[in-house]
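Undergrad: Make a model of this:
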Amino acid sequence: MPKIESPFVREMIDGKYLLTDKITEGYEWVFEDESVMAIEKLHGTNVSIVIIDGNVTEMYNRTERVPFINKTKAWMTQGLLESKKRGYLEVLGDGQHFGELIGPRVNSNPYHLNEHMWIPFKTYAQKHLLYKSWGKYPKDFDTISAWFKDDLFSLLNRTRSTGSEFVEGVVFTHPDGRMAKLRRDMYDWYKGRRH
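TA: Residues are numbered from 1 along each chain as shown. Model (predicted):
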């Protein structure tokens, strides 16, 4: 999956790469198109799978192909198997499918999971991690900043008992496949470690 960019221009300010209130050229759709969805951005690692004739034939971590039998990345295969056990793969047809792998060996496990699992983006995430309030409030820089600072909550943590209130941000998706992202750590008010 290509790198997903911010819909707001980011600039180096006081040694930090922060959002400004300027809209990134070509990303006006995030704020103008009513069909845009706001989905919780999981703090995992990007993993895609290829399904042919109903069988998973390949797995990729970003652009690197990951063999299913792999001593150093067996946790990725375990995450995929856990997701299959939960039924997350049943609705996926043939083709390449993107998602986030989360769990104990990924980004310090902010969700406090005991097992790895792969969350498919176009099925599970768009169904269960969708912020239904997007579009009901002004879509300007200050309103979105206040939402991220004071009211953004984790839908993953509400659908699963993870013991964590961590939420990284939001991915904005257009039905035609365009995507943009905002993370809480992109704002100047954020306290803590940044990407």
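Undergrad: Please name the bridge partners of the residue nearest to the spatial centre of the chain.
TA: Note on the chain: the residue nearest the mean C-alpha position is residue 41, at 3.0 Å, using Cα atoms, centre = their mean. Residue 41 forms beta bridges with residue 169, as assigned by DSSP bridges.
Undergrad: which ones are touching it?
TA: With contacts taken as Cβ atoms under 8 Å, 6 or more residues apart in numbering, residue 41 has the following neighbours: 168-171, 181-183. Backbone N, C-alpha and C define where each C-beta goes, glycine included.
Undergrad: who's in contact with the residue nearest to residue 102 when sequence neighbours are not counted?
TA: Distances taken as Cβ to Cβ, 6 or more residues apart in numbering put residue 44 closest to residue 102, at 4.0 Å, once the chain neighbours are dropped. The neighbourhood of residue 44, defined by Cβ under 8 Å, 6+ apart, consists of 100-103, 106-107, 119.
Undergrad: Residue 44 and residue 110: what is the separation?
TA: Computed with Cβ to Cβ, to the nearest Å, the distance linking residue 44 and residue 110 is 9 Å.
Undergrad: For the helix or strand harbouring residue 49, which outside residues touch it?
TA: With secondary structure defined by DSSP states H and E, residue 49 is part of strand 45-52. Applying Cβ under 8 Å, 6+ apart, the contact partners of strand 45-52 are 1, 56-62, 66, 76, 79-80, 89, 92-101, 106-107, 118.
Undergrad: quick check, distance from the helix or strand just after that strand to the centre of its chain.
TA: Moving toward the C-terminus from strand 45-52, the next helix or strand (DSSP H and E) is strand 55-61. Shown here is strand 55-61, whose average C-alpha point lies 19 Å from the average C-alpha point of the whole chain (Cα atoms, centre = their mean, to the nearest Å).
Undergrad: all helices for the chain, in order.
TA: Under the criterion DSSP state H, helices of the chain are mapped to 29-32, 74-85, 126-128, 141-146, 155-159.
Undergrad: which residues of this structure score low on pLDDT?
TA: When residues are selected by pLDDT under 70, those of the chain lie in 1, 159-164.
Undergrad: got a list of what the spatially closest residue to residue 107 that is not a sequence neighbour touches?
TA: Leaving aside its chain neighbours, residue 107 sits nearest to residue 43 (5.1 Å; criterion: Cβ to Cβ, 6+ apart). For residue 43, the contact set (Cβ under 8 Å, 6+ apart) comprises 102, 106-107, 110-111, 166, 168.
Undergrad: rerun that using 7 Å as the cut-off
TA: Contacts for residue 43 were tallied using Cβ atoms under 7 Å, 6 or more residues apart in numbering; they are 107, 110, 168.
Undergrad: Give me the buried entries from those.
TA: With neighbours counted by 16 or more other Cβ atoms under 10 Å, these contain buried members at 110, 168.
Undergrad: Great, nothing more from me.
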